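J.: no sequence for this one, just the structure:
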């Protein structure tokens, strides 16, 4: 059974209907007779070309049993011919042998979800009885050949999630009976293959998404009269939607998101699609109004048009789409009085997102009749008025966001909402301007029974923190920041059993922190996440920390446990008991009037990522044990009365001087020297010394200084000599008399072991003499790069093709047999966004690796070395580089087997081809080599500025560590700055720290490269900044996976900031 993989559809319940029909067609009875010797030989030949994961049962069953009809994965027909070969998810490697073409009666071949590489033999496609072929989720590559004329039976072809490339040529007579075609997630390029419809009139489902098809969609799709599913999202398609596409009147799913389609939605054409249930044209360039004739599509369930340039008022006829379940029109330019839109007929609607438009008026009362509505987002419009009592009728409502809409009468609003029993998230920020916080009068005991998130931030509400919040027993997140609340911090807040995120910052609260706050159960108990509902919210919760660009959270357990009390008038001492809140990630007590010392018990907050105690009246010393907080990424004690040395080691070596300013008595490596401070503070005793003592001291100091100077000069000379020797050693010659310390080269007749590459036959029989000629005997002028793993040389072969030769240096960790095994394992990793290994050669202590040559060098060169590099890399190019690099990293993290931790992600390891497509280089090499000059000494390999903080306490490289390094690369793309600026002492020299400081100050828009500003891409850059900040989170468990980052970067033009 072949299934279309649809990554973009949020709800695709009908998406596999056609496949269900096809799967029934393929279920026919088979019986087992002894197979023929010929077919047995074909199968054994196929097996001989495979590699297997450990303890694979196929090795046993295909050898010990002579009757192949009894082998695992084999079924035969009544005549003893092999009819079915199905081996999905068996960990098979190697290549698909064309010997399978000897199975003349084969009807089903399923080799999906393995790691098979190489090309797909054309002979298999041409089997006359073959009905279904599924090789999805492998590492297959190469181009598809045009099949000859013949009588074929193929009904379903699934080539998805491989690395096939080239134009998708006509399948000719092979497509005559084709019903299902899935070639998604490959590297096909060129014109869109509309001609497939003129060859196969039986097509029911077609998925061409996630490729590189470009240009206008040519005519021809209208011939697919029976097509029910058509997906071609995430390509580079341009121009208007072709008119004949609307002749596919059987369509149930039409999905074309994330392209560059333009023009208007033609109302006269779209009404032809009467059977359509899902229409997704999001993230394109469509303009014009939403046609009223869309109401003539009676079966439409999902209308997803967000992130376009649509405008006008919503047509009243929209109310006739009575089967709509999801309506998403966010981030467009719709306007008009929303109250005039009648939603009452949309009784099946469960998610409505009209955020980020220009709607005016009041909340439509017609919405209150939608009994199935679970999520409603009307945020960031220009609405006004009040929440009507009839909202109580929305008893299914779980998520409500009306932030930044200008609503009034908060008391009535909460009195109504409190009885919506299924509400889990209420976000009403930036409404009810300067109203009074509702008091405890007339509140019953049972209200907001399931509320987990409540945000009334930025409303400038007056009054006190109300006691009625005490009854919200399931509350997890409470945000009352940026109001005008007075009085004390209530002690009863500490009794809320699940509260782990508390933000009371930016108010007028006074008094001391009540001790009960230090008893918040969720911040003390082990594994508090397991006590929280793990389900996904209907829409994400959006947190905008400290006026930053914001982060979204789909699960509440992803939020960092935090206490924000900054910018109030709190006083007293910082309670030592805070140290028992071991789950706390953020503690911000800045801009208050706290006094006394910093309690040493804060060192027990082992998960702490941010500690801000700035602008208070604290005194004493900074506890040195704070350097044991390995996750601490942000630390600020500026503008207090602290004294003594600042802690050193751990994270404290990275914090900027601004973290300590305004404390003149502090000293340390980043500040004034502590010995100088001591000398200035103590009275001089010189007058008590006699002349002899003073002369002796002067002589001793002079002699000591001279001795130190001589020793320093000797060390410098020695290092210069060693460096010169090392530099001489980089000019590698093939003569045996070379005195270089580098390993000698292999003999000129040494053979390179090459990865089969049908597109480059010139590398098939390479020997060392070819490489010597191509690099001019590894002349220094051929060097195109260097790093911890060795020099890289450009090799130009006799036919003009180019290769990159990496000559490994450092201590090889493995014996030659192990090295060969590791390198051959690495060669399996083949992806369009990797610098793929093409071959290797070993001889004695010499080790050479051959890679594809990248015309445009490294990202580091374009960002930091080339004078005009930043101007050449405009934002669309940088975004393309980020997306490509993320896909390459995703492949080695999640797809290839075994998964690979890169260990040294950096801009110099992201190479660019002639089209500025990104390719990740040097993956997996740290398993082979202990490189010279690395910054860690055991399993971890890294480069200064890219190394995640947790590597300082656990010397084990991880996938999450790679994510931190990738986040730094994203920051480089956004800012144009190096990870560490050694010559800049005005700002923080560490890029991550500087960006965090700027975001802390609300200046995130100022971090961007000046050459990128004013080009209309600021919103996209802010969203990528959000992604980068998540990646460089100091708690590795809070970093996203690379799979999530790939989706976010591909959707960067969409709405990542759901309010």
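T.: Looks like it arrived, so ask away. Note that the structure is predicted; figures quoted are calculated from it, not measured. Numbering: from 1, shown residues only.

J.: which residue ranges form the strands in the stretch 551-700 of the chain?
T.: 551-553, 562-564, 569-573, 586-588, 593-596, 610-612, 617-620, 634-636, 641-645, 665-667 (DSSP state E, counting those that start in this stretch).

J.: Give me the average confidence score over the second one.
T.: Across strand 562-564, the average pLDDT comes to 95.

J.: So what are the sheet partners of it and their directions?
T.: strand 501-503 (parallel), strand 586-588 (parallel) (DSSP bridges).

J.: Just give me the neighbour total for the closest residue to residue 107 other than its chain neighbours.
T.: Nearest residue to residue 107, sequence neighbours excluded (CB to CB, 6 or more residues apart in numbering): residue 131, at 4.7 Å. From N, CA and C alone the C-beta is placed, and that goes for glycine too. Using other CB atoms under 10 Å, residue 131 is surrounded by 21 other residues.

J.: and if you look at residue 438?
T.: The burial count for residue 438: 21, using other CB under 10 Å.

J.: Secondary structure element for the residue lying closest to it once chain neighbours are set aside, which one?
T.: Sequence neighbours aside, residue 411 is the residue nearest to residue 438 in space, at 4.4 Å (criterion: CB to CB, 6+ apart). Under DSSP states H and E, the secondary-structure element containing residue 411 is helix 410-417.

J.: Also residue 83?
T.: Counting by DSSP H and E, residue 83 is found in strand 82-86.

J.: I'd like the next helix or strand past that strand.
T.: Using DSSP H and E, the helix or strand that follows strand 82-86 in sequence is strand 93-94.

J.: Please name every helix or strand in contact with that following strand.
T.: Applying 3 or more CB pairs under 8 Å, 6 or more residues apart in numbering; DSSP states H and E, we find strand 93-94 packed against strand 50-51.

J.: Partner strands of the strand it packs on and their direction?
T.: strand 93-94 (antiparallel).

J.: Which helix or strand lies directly C-terminal to the strand it pairs with?
T.: strand 108-110.

J.: Show me what that next one is packed against.
T.: strand 82-86, strand 132-134.

J.: now the strands for the stretch 851-1000 of the chain?
T.: Counting by DSSP E, counting those that start in this stretch, the stretch 851-1000 of the chain has strands at residues 910-912, 918-920, 929-930.

J.: Could you identify which of the helices and strands packed on strand 108-110 is most buried?
T.: strand 132-134 (a mean of 24; mean count of other CB atoms under 10 Å).

J.: Please compute how far that strand lies from its chain's middle.
T.: With CA atoms, centre = their mean, to the nearest Å as the basis, strand 132-134 stands 32 Å off its chain's centre.

J.: Would you state the helices of the stretch 901-1050 of the chain in chain order?
T.: With helices called from DSSP state H, counting those that start in this stretch, the stretch 901-1050 of the chain shows them at 959-975, 991-1000, 1018-1031, 1042-1050.

J.: Which stretch among the ones you listed approaches residue 515 most closely?
T.: helix 991-1000 (29.0 Å; CB to CB).

J.: tell me the angle of that closest one relative to helix 959-975?
T.: 70 degrees (axes from the mean of the first three to the mean of the last three CA atoms, to 10 degrees).

J.: now helix 991-1000, how far from the centre of its chain.
T.: With CA atoms, centre = their mean, you get 20 Å for helix 991-1000.

J.: which helices and strands sit right next to that helix?
T.: Using 3+ CB pairs under 8 Å, 6+ apart: helix 991-1000 touches helix 959-975, helix 1018-1031.

J.: JSON lines for those, including distance to residue 247 and mean neighbour count?
T.: Shown next, in JSON lines, are these (distance: least, CB to CB, whole Å; neighbours: other CB atoms under 10 Å):
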{"stretch": "helix 959-975", "distance to residue 247": "43", "mean neighbour count": "24"}
{"stretch": "helix 1018-1031", "distance to residue 247": "36", "mean neighbour count": "21"}
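
J.: Export these to TSV and append columns for mean pLDDT and distance to residue 854.
T.: Below are the helices and strands packed on helix 991-1000 laid out as TSV (pLDDT from 0 to 100; distance: least, CB to CB, whole Å):
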stretch	mean pLDDT	distance to residue 854
helix 959-975	93	16
helix 1018-1031	91	23
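
J.: With distance to residue 329 as extra columns, can I get these in CSV?
T.: Output for the helices and strands packed on helix 991-1000, formatted as CSV (distance: least, CB to CB, whole Å):
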stretch, distance to residue 329
helix 959-975, 29
helix 1018-1031, 17
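
J.: Show me the one of those helices that comes nearest residue 311.
T.: Per CB to CB, nearest to residue 311 of these: helix 1018-1031, 17.8 Å.

J.: angle of the closest one against helix 959-975?
T.: 150 degrees.

J.: Just the angle for helix 1018-1031 relative to helix 1042-1050, thanks.
T.: Going by the same axes, to 10 degrees, helix 1018-1031 makes 170 degrees with helix 1042-1050.

J.: mind checking which of the strands paired with strand 562-564 is nearest residue 495?
T.: strand 501-503 (12.6 Å).

J.: residues touching the residue nearest to the spatial centre of the chain, list them.
T.: Centroid check for the chain by CA atoms, centre = their mean gives residue 1045 as the closest residue, at 1.1 Å. By CB atoms under 8 Å, 6 or more residues apart in numbering, residue 1045 lies in contact with 886, 890, 963, 966, 1027, 1031.

J.: Give me the neighbour count for residue 207.
T.: Residue 207, neighbours per other CB under 10 Å, totals 26.

J.: does it really touch residue 186, like I thought?
T.: No: the criterion here is CB atoms under 8 Å, and residue 207 misses it with residue 186 at 10.8 Å.

J.: Give me the common contacts of these two.
T.: Joint contacts of residue 207 and residue 186 (CB under 8 Å, 6+ apart) are residue 160.

J.: re the thing from before, rebuild the strands of the stretch 551-700 of the chain as CSV, extending it with distance to residue 159 and mean neighbour count.
T.: Shown next, in CSV, are the strands of the stretch 551-700 of the chain (distance: least, CB to CB, whole Å; neighbours: other CB under 10 Å):
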stretch, distance to residue 159, mean neighbour count
strand 551-553, 34, 20
strand 562-564, 47, 23
strand 569-573, 63, 16
strand 586-588, 47, 22
strand 593-596, 64, 16
strand 610-612, 48, 23
strand 617-620, 65, 16
strand 634-636, 48, 22
strand 641-645, 64, 17
strand 665-667, 64, 20
